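Asker: I would like to see how this sequence folds:
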Amino acid sequence: MANKTAVNEHHGFPWKHLIGFVLSIVLTLFALWVALGTDLSLTWILIIIFGFAFLQAALQLLMFMHVTENSTKSNLTSRVQIGNILFAAFVAIVIVIGSVWVMTAGHAKHDKHDEPKTENQENHGEHESH
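Answerer: All right, here's what the predicted structure looks like:
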């Protein structure tokens with residue numbers, strides 16, 4: 001019996017996937033509009049984009065990864081699944097925060113090298129070359 005219901009669920013149009021896809025596109029377009037079409041400060045733009053990214057990740061877990069589907073799994077199996085989801089969320093957060101940290105730290109060092117030289121630094125450099 002359980003096999004027949006699982007087989008019957010795969011017939012027909014995948015409305016859940018289509019809705020998830022359209023909502024993902026809408027969230028992406030909203031993030032693009034916030035980044036390019038508003039005059040918000042950089043801090044608020046990043047906060048809003050990260051919020052949209054979080055919503056899109058949750059949406060994809062619900063719509064495409066079938067997290068909410070009930071099954072005949074044991075209590076231990078569902079605990080392992082929750083542990084796996086939490087670990088994946090932790091890894092994703094570390095990657096995003098680490099990437100932002102590395103990119104901002106690199107720009108801070110790069111910005112120091114772009115400072116214009118003062119007149120004393122330019123004259124000092126000429127004396128050393130002679």
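Asker: Excluding chain neighbours, what is closest to residue 31?
Answerer: For residue 31, ignoring the flanking residues on the chain, the nearest one in space by C-beta to C-beta, 6 or more residues apart in numbering is residue 52 at 4.4 Å. C-beta: built from backbone N, CA, C; applies to glycine.
Asker: any idea how far that neighbour lies from residue 105?
Answerer: Applying C-beta to C-beta, to the nearest Å, the value for residue 52 to residue 105 is 25 Å.
Asker: Which of the two has more residues huddled nearby?
Answerer: Taking other C-beta atoms under 10 Å, residue 52 and residue 105 do not tie; residue 52 has more neighbours (18 against 10).
Asker: Make sure that one is actually in contact with residue 32.
Answerer: No - contact criterion C-beta atoms under 8 Å: residue 52 and residue 32 do not qualify, at 9.6 Å.
Asker: Overlap in contacts, the two.
Answerer: Overlap of the contact sets of residue 52 and residue 32 (by C-beta atoms under 8 Å, 6 or more residues apart in numbering) is empty.
Asker: Contact partners for residue 49?
Answerer: 31, 34, 35.
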